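# kindly return the folded structure for what I paste below:
(10 chains, ligands or ions: 16)
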Number of protein chains: 10
Amino acid sequence: MSRQKNELETVTLLGNHVDLSFNYNPDILQYFVNKHQENDYWVKFNCPEFTSLCPMTGQPDFATIYISYIPDIKMVESKSLKLYLLSFRNNGDFHEDVVNIIMKDLIKLLDPRYIEVCGKFLPRGGISIDPYCNYGKSEKWEKFAAQRLLYHDIQLEHVDNR
Amino acid sequence: MSRQKNELETVTLLGNHVDLSFNYNPDILQYFVNKHQENDYWVKFNCPEFTSLCPMTGQPDFATIYISYIPDIKMVESKSLKLYLLSFRNNGDFHEDVVNIIMKDLIKLLDPRYIEVCGKFLPRGGISIDPYCNYGKSEKWEKFAAQRLLYHDIQLEHVDNR
Amino acid sequence: MSRQKNELETVTLLGNHVDLSFNYNPDILQYFVNKHQENDYWVKFNCPEFTSLCPMTGQPDFATIYISYIPDIKMVESKSLKLYLLSFRNNGDFHEDVVNIIMKDLIKLLDPRYIEVCGKFLPRGGISIDPYCNYGKSEKWEKFAAQRLLYHDIQLEHVDNR
Amino acid sequence: MSRQKNELETVTLLGNHVDLSFNYNPDILQYFVNKHQENDYWVKFNCPEFTSLCPMTGQPDFATIYISYIPDIKMVESKSLKLYLLSFRNNGDFHEDVVNIIMKDLIKLLDPRYIEVCGKFLPRGGISIDPYCNYGKSEKWEKFAAQRLLYHDIQLEHVDNR
Amino acid sequence: MSRQKNELETVTLLGNHVDLSFNYNPDILQYFVNKHQENDYWVKFNCPEFTSLCPMTGQPDFATIYISYIPDIKMVESKSLKLYLLSFRNNGDFHEDVVNIIMKDLIKLLDPRYIEVCGKFLPRGGISIDPYCNYGKSEKWEKFAAQRLLYHDIQLEHVDNR
Amino acid sequence: MSRQKNELETVTLLGNHVDLSFNYNPDILQYFVNKHQENDYWVKFNCPEFTSLCPMTGQPDFATIYISYIPDIKMVESKSLKLYLLSFRNNGDFHEDVVNIIMKDLIKLLDPRYIEVCGKFLPRGGISIDPYCNYGKSEKWEKFAAQRLLYHDIQLEHVDNR
Amino acid sequence: MSRQKNELETVTLLGNHVDLSFNYNPDILQYFVNKHQENDYWVKFNCPEFTSLCPMTGQPDFATIYISYIPDIKMVESKSLKLYLLSFRNNGDFHEDVVNIIMKDLIKLLDPRYIEVCGKFLPRGGISIDPYCNYGKSEKWEKFAAQRLLYHDIQLEHVDNR
Amino acid sequence: MSRQKNELETVTLLGNHVDLSFNYNPDILQYFVNKHQENDYWVKFNCPEFTSLCPMTGQPDFATIYISYIPDIKMVESKSLKLYLLSFRNNGDFHEDVVNIIMKDLIKLLDPRYIEVCGKFLPRGGISIDPYCNYGKSEKWEKFAAQRLLYHDIQLEHVDNR
Amino acid sequence: MSRQKNELETVTLLGNHVDLSFNYNPDILQYFVNKHQENDYWVKFNCPEFTSLCPMTGQPDFATIYISYIPDIKMVESKSLKLYLLSFRNNGDFHEDVVNIIMKDLIKLLDPRYIEVCGKFLPRGGISIDPYCNYGKSEKWEKFAAQRLLYHDIQLEHVDNR
Amino acid sequence: MSRQKNELETVTLLGNHVDLSFNYNPDILQYFVNKHQENDYWVKFNCPEFTSLCPMTGQPDFATIYISYIPDIKMVESKSLKLYLLSFRNNGDFHEDVVNIIMKDLIKLLDPRYIEVCGKFLPRGGISIDPYCNYGKSEKWEKFAAQRLLYHDIQLEHVDNR
Ligand SMILES: [Ca+2]
Ligand SMILES: [Ca+2]
Ligand SMILES: [Ca+2]
Ligand SMILES: [Ca+2]
Ligand SMILES: [Ca+2]
Ligand SMILES: [Ca+2]
Ligand SMILES: [Ca+2]
Ligand SMILES: [Ca+2]
Ligand SMILES: [Ca+2]
Ligand SMILES: [Ca+2]
Ligand SMILES: [Ca+2]
Ligand SMILES: [Ca+2]
Ligand SMILES: [Ca+2]
Ligand SMILES: [Ca+2]
Ligand SMILES: [Ca+2]
Ligand SMILES: [Ca+2]
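Numbers count the residues shown, from 1 in each chain, chains lettered A, B, ... in the order given. Ligands and ions are numbered 1, 2, ... in the order given. Okay, the predicted model is just below:
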């Protein structure tokens, strides 16, 4: 029941050496085909190694990015996702923009049933920012997105900067 | 896709030296424009460095303030938010009043779709107080606010003063 | 925007010396007036210093008491709440009765829109008891209470007696 | 407002010496009368000292048992509950059966409005089992039970055997 | 009330020596009969000892697998589940495929009312993947599945790779 | 190898009903004989249910008391220790005095080779106090005490009043 | 470099069915030969499934037992250790005696260079007891034992009975 | 054995109203007499409510201050310590200076056998600073101080700014 | 100051595709040259993905392996270490043997000044085993090893199998 | 007692805008003068925002860097330290080299009595590396360094990559 060679043709980065780019590059994202399309299910990526630059001061920002989606036909390949995320390394954007940009690029690549992206950024000036955006395709998943927005972080995560 | 200069005209504090005020001053708050207005999304600020004075005894109080909102057209700039929060430093108010005041000032600045403010104050006399208020604009977001009020802290956060 | 003197007339204990009573005394509870009555919002008290006696054995019991309410016109003053809670010190009641008694006394004092009281008692005979009661005024808040009862502790807090 | 002698007549074990039985014995369970029947409220027992035997291998099993219920007229007395739980000590049942048996015995004793029982068993062969069952009396509480079943452990408790 | 011999006839692995297979083998799964079919209840398996191979690189992957289901007539026997899970040891599949395969095999064995499978895989290249799938039999449990999918991980589990 | 009846003659409180005293009473302490006197070994008591009164304000204080000792001929019986600790309930002493008094009473009862007592008190005015005292009999154990004093809490326990 | 058949001749319990005894039985302990005798090294057993009875009241006690030793020629086989520990199940001893008995039985079996045994028992009457004993063979390891006794639990483990 | 009135003559702040000063004021510190001078023992203060200003930027800093000392004849009274610490509120000093200043003031007040002061400051620019100083009187305690300096934080406290 | 090409000649695995072996193979280990030989310093590897087989039952075991060493001239390259550790995947050894074997292979490769290896294995039959061995070259480091053996795990790590 | 202007002349970065360099640049480090040179005391920097590149693959690495030192005459200014650490952003070095380089640069700047640097790097290929180096000036502090090396991480920090 394992994945066959022909099921992996769209995956060219995994297991191979790749030249890295540290400038924003959504074209590096790759997909493979969902073998369980009859099922609505979650895929979540935990990415604690995100860093970008502040657009005003040029100083590095650090975050954990959480990406969760319900695939339709296409699924994002994890090594290409990693390369995409590190392409932000020398890029400047507000925290609030970063999660929206990531979500929009993945929607373009995957056309998923549902997707959400959250960032937990390390503090600046004693304050940290955690932006969260989501999206659902068509009426069914729009309602799904509205419900998840409604109950996001309702159990207020504790933060004390230590 | 980064923020352009002209998109940051309303932001004059970030990256510059600013004289601090330790007396309540809502006028210091600044905004920038939301580039993703077609999307309902969350922005959360974790602020563990809040301190004010008790209106009865004059003794300092300490809290972590959590501010979460869904922006409409305007978004609060984080350095101005920091300066605003430290302007409470020499101000006297009950814990329950503090979160309401912060929320009302941010509503006035941002006219957000939704906002909530929670404080977790350190104990006095063996008891700590955690006030929470929220607000939704127009019928859709009023219902949203009612639901979040309903399920707030339903998983009772454990506290033991150590 | 700070609290004025005349807004604090009902508060006579805070900042003053008070003779303590260790026998159940609901009369010590005091209130002040809610300045944000147009808003439904939470106030939560975390009280890890509660002790009373077992009605059967006379042995001391220890608990953290959590009190959360949505104020209407009156709000409980925290020092009087502290004095009220320590008036249980030499009193004997089952754990299940304690939270109901506290809730009923606060309803009588405050006539709140909604209130809930939970106790997490330390173990006796290898078992600990966590009672929880709640109340909503009129139909709107009765439904609110029913929903919170329904989802209380649904994420089963882990306990291992260490 | 403390419990009176005559309110405790059904409680004969608490505060007295009792001969222990280590063979399954539901008859030892005792109740007392609920003084707050006008209110729907929770009572939760955390019991980290449960041990029984595997019906196939005879080897001891260890668990924390969580029992939560909404009383009607009768409430289970905690010392009798403790004695009941330790009567499983030399008894053999599958984990999945244990929680159902406990729940059924308590329903028979208490005829509660609602009850749920969960066990978190220590691992065998690298796998641990956490069974959970619940019950609601009549239509109102049946719906209540269905909702709690629906959202049980939805925030997937993290387990790593260390 | 303990399980009788004749109630355990389908269980042949527990308590006996078994030759292990490290190649994917769903035939090893065994069931026993549910004695509480009148009740909808949860059984959850926590399995922190899952390892398989990456289909592209052949490198081992490590995960904790969580399996939760509501039994109908048949229940999976835990030792056979353990043997089934370790049959993945030398098998190659994407993380997203693994949870779907496990779920489908258990549906075939048990025909459960409801089932969900989640994997939390250890990081590769700084990113970890947590796939989650679920299934409900007939309309009632399909709606149940849809609700649990909707609220899965809504309190965003914190991950920082340490 | 279990304890025999005659080895337990000095133990009269355990398993029997005892009238409680809430006024400081060191006479209630009882011992039994150490059966392993050829060995130097530790006995540690964790006591999270300690409460006394402030000598200046009369307000209740709360602490966890930790008592560790190396027995010589006599060992303190745990139920008598519990009764002794709750005899502080209506007594007034500074935190720093409490641990010294407990230690001195136990030295008088047990004449131990070594003993140490630590209290972790809940905060007053935002500050908590953790006193620690120790004692060693004769030169060997005096040096032992000096070393433990030297390295006590060298890994600075983290405290944040939540 | 794997263990050979002839190196495992003293191991007859592992992998075989064994009739359990719930009465104290040190004879069940088995050893195998240390293949690294030129090296002083640690072996630690963490045993969170220990239960015995109170010698006074007959009530079950629960503990995690920690056994650490530096082997000489013989090493304790882990399944026999498990069977030995569960032979305490129906036995009555004080907590302080239990750890000494376990240590002495293992010294008799193994004649180890060094050994230590610690128990962390669940609370009774609000107090938990953590006894610890150790032993070193001949002068070198006696000094070793003295040093470990000296620094045992010097970073005072936090306990709060929840 | 409680403290007598005449033993508390040097304590004038505790239980009385005090006008606060937010400018550095070591004169507010008060002592009482040590009743256990024959014993070397620890007193530790955990102070999570410290805030001061940065000498360069004027921005508020936040820290938890830990003060541990071994008293000689005098002991610092805790309310006066609290007032002293909050007198730093409007004062500007480097983190490294703050702990040295506090230590020197307490040495002047108490002439203690030994003292140490540690601060854990919240991060600025992604970096947090934890200064630690100590002092011992005369040769015996100087050596004591040298040893504690040597082993301070040797188990490197984990920090990740979340 | 970065590593030059010629400093990396002995490193042939990192960055290249490698065929994996799941049978014990110490020859795959590679080293590079220490550029800071004038300094004694630590390198620690945390390896939570170790799995091998039980020599008696053939069942998989899981562990986190900790390797810490002070290099002399040679340093182990981390990718080769990873490949070495996964070569245990189909190998059978007792837990106690595994850490000794790993240590001896690394001594042979590196001839380090000092090395220690610890394994924390997941529980079998309710008991987990944590073996630890160490080694020092020549007299200076032999004494170093003896001291670290003496104080290993002296703060008894808490384990509860959840 | 606050720092005076003339005491801060060597500090030119703090509070001012600075152009960032992302290439290794030790020249940016600045110092100020130690006002407490008569005292040996610790300064510790926690730096969770360190990122550099792998010298073989060019992929980003992430670490928390811990720097602790005992100052002599000069102290490192924290903003310059931050700028120095982020100058590694586009630099390639092995983890083991990074901590040695940082330590040597700080020795050159500060000529401290003692210094240590530790890195905790995020995992690659399932393994994480934690290097640690230290240094002491002259004989007294060389011995100090040897002792801290000896006892470093002796309480083996638990790591499981989640
Ligand atoms: Ca904290
Ligand atoms: Ca934190
Ligand atoms: Ca606690
Ligand atoms: Ca625990
Ligand atoms: Ca605890
Ligand atoms: Ca765990
Ligand atoms: Ca655990
Ligand atoms: Ca983590
Ligand atoms: Ca805390
Ligand atoms: Ca806490
Ligand atoms: Ca616990
Ligand atoms: Ca963390
Ligand atoms: Ca943290
Ligand atoms: Ca636990
Ligand atoms: Ca873990
Ligand atoms: Ca972890």
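
# show the low-confidence segments of chain A, by residue range.
Counting by pLDDT under 70, chain A has low-confidence residues at A:1.

# need the residues of it near ligand 1, please.
residue A:160 (Cβ under 5 Å from the ion). No exception for glycine: its C-beta is placed from N, CA and C like everyone else's.

# which parts of chain A sit against chain J?
Counting by Cβ under 8 Å from any Cβ of the partner chain, chain A comes close to chain J at A:17, A:19-20, A:22, A:48-49, A:51, A:57-60, A:62, A:86, A:89-90, A:122.

# now do the SS call for residue A:50.
Under DSSP: H, G, I helix; E, B strand; the rest coil, residue A:50 falls in the strand class.

# what about the closest residue to residue A:48 other than its chain neighbours, which SS state?
Residue nearest to residue A:48 in three dimensions, not counting chain neighbours: residue A:64, with 4.3 Å by Cβ to Cβ, 6 or more residues apart in numbering or on different chains. Put simply, residue A:64 is strand when judged by three-state DSSP.

# quick one, strands of chain A?
For chain A, the strands defined by DSSP state E cover A:31-33, A:41-53, A:60-70, A:74-76, A:114-121, A:128-136.

# picking that back up, so which of the residues of chain A next to chain J is the closest to residue A:68?
residue A:48 (15.1 Å; Cβ to Cβ).

# how far away is the closest one from residue G:109?
As for residue A:48, its distance to residue G:109 is 47 Å (criterion: Cβ to Cβ, to the nearest Å).

# between those two, point out the one with more neighbours.
The residue with more neighbours, out of residue A:48 and residue G:109 and counting by other Cβ atoms under 10 Å in any protein chain shown, is residue A:48; that gives 23 against 20.

# list the residues that contact the residue nearest to residue A:48.
A:46-48, A:50, A:119-120, E:159-160 (Cβ atoms under 8 Å, 6 or more residues apart in numbering or on different chains).

# quick check: chain neighbours aside, which residue is closest to the most centrally placed residue in chain A?
Geometric centre of chain A, nearest residue: residue A:67, 4.0 Å, by Cα atoms, centre = their mean. Using Cβ to Cβ, 6+ apart and skipping the chain neighbours, the partner closest in space to residue A:67 is residue A:45 (4.4 Å).

# run through the bridge partners of the one you found.
residue A:67, residue E:129 (DSSP bridges).

# against residue A:85, how distant is the residue nearest to the centre of chain A?
9 Å.

# how many residues are close by residue A:39?
Considering only other Cβ under 10 Å, residue A:39 is surrounded by 17 other residues.

# equivalent analysis for residue A:57, please.
Around residue A:57 there are 17 residues (other Cβ under 10 Å).

# distance of it from ligand 8?
29 Å (Cβ to the ion, to the nearest Å).

# contact partners for that residue?
Contacts of residue A:57 (Cβ under 8 Å, 6+ apart): B:14-15, J:17.

# now neighbour count and distance to chain G too, for the residues you listed, in CSV please.
Below are these laid out as CSV (neighbours: other Cβ atoms under 10 Å in any protein chain shown; distance: Cβ to the nearest Cβ, whole Å):
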residue, neighbour count, distance to chain G
B:14, 21, 42
B:15, 15, 43
J:17, 10, 45
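
# with distance to residue H:113 added, can I get those residues in a markdown table?
Listed next are the contacts of residue A:57 as a markdown table, based on distance: Cβ to Cβ, whole Å:
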| residue | distance to residue H:113 |
| --- | --- |
| B:14 | 50 |
| B:15 | 50 |
| J:17 | 49 |
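
# any common contacting residues for residue A:67 and residue A:85?
Common neighbours of residue A:67 and residue A:85 (Cβ under 8 Å, 6+ apart) are A:47, A:102.

# leaving out chain neighbours, which residue sits closest to the one residue in chain A that gets nearest to ligand 14?
Among the residues of chain A, residue A:158 lies closest to ligand 14, at 19.4 Å counting by Cβ to the ion. Using Cβ to Cβ, 6+ apart and skipping residues adjacent in sequence, the residue nearest residue A:158 is residue B:157, 7.2 Å away.

# neighbours of that neighbour, how many?
14.

# find the closest residue to ligand 3 in chain A.
residue A:158 (13.9 Å).

# contact partners for the residue of chain A closest to ligand 14?
By Cβ under 8 Å, 6+ apart, the neighbours of residue A:158 are B:64, B:120, B:157, F:162.

# how near is it to residue D:18?
In terms of Cβ to Cβ, residue A:158 sits 43 Å off from residue D:18.

# which strand residues bridge residue A:124?
Bridge pairing for residue A:124 - DSSP bridges - gives residue A:127.

# from residue C:154, how far out is it?
For residue A:124, the distance to residue C:154 - Cβ to Cβ - is 36 Å.

# which one's more surrounded, the two?
Between residue A:124 and residue C:154, residue A:124 has the larger neighbour count (other Cβ under 10 Å), namely 22 against 18.

# pretty sure the more buried one sits against residue B:78.
Yes: using Cβ atoms under 8 Å, residue A:124 is in contact with residue B:78, at 6.9 Å.

# who touches the residue nearest to residue A:158 in this structure?
Here residue B:157 is in contact with A:155-156, A:158, B:130 (Cβ under 8 Å, 6+ apart).

# hmm, which two among those are most spread apart?
A:155 and B:130 (12.8 Å).

# quick one, which of the two is more surrounded?
Per other Cβ under 10 Å, whichever of residue A:155 and residue B:130 has more neighbours is residue B:130, with 25 against 18.

# so who does that one touch?
With Cβ under 8 Å, 6+ apart, residue B:130 has these contacts: B:118-121, B:153, B:157, C:42-44, C:46.

# any idea how far chain I is from residue A:92?
26 Å (Cβ to the nearest Cβ, to the nearest Å).

# what do you get for residue A:14?
Counting by Cβ to the nearest Cβ - residue A:14 and chain I are separated by 11 Å.

# wait, isn't that residue in contact with residue E:56?
Yes: under the criterion of Cβ under 8 Å, residue A:14 makes contact with residue E:56 at 4.5 Å.
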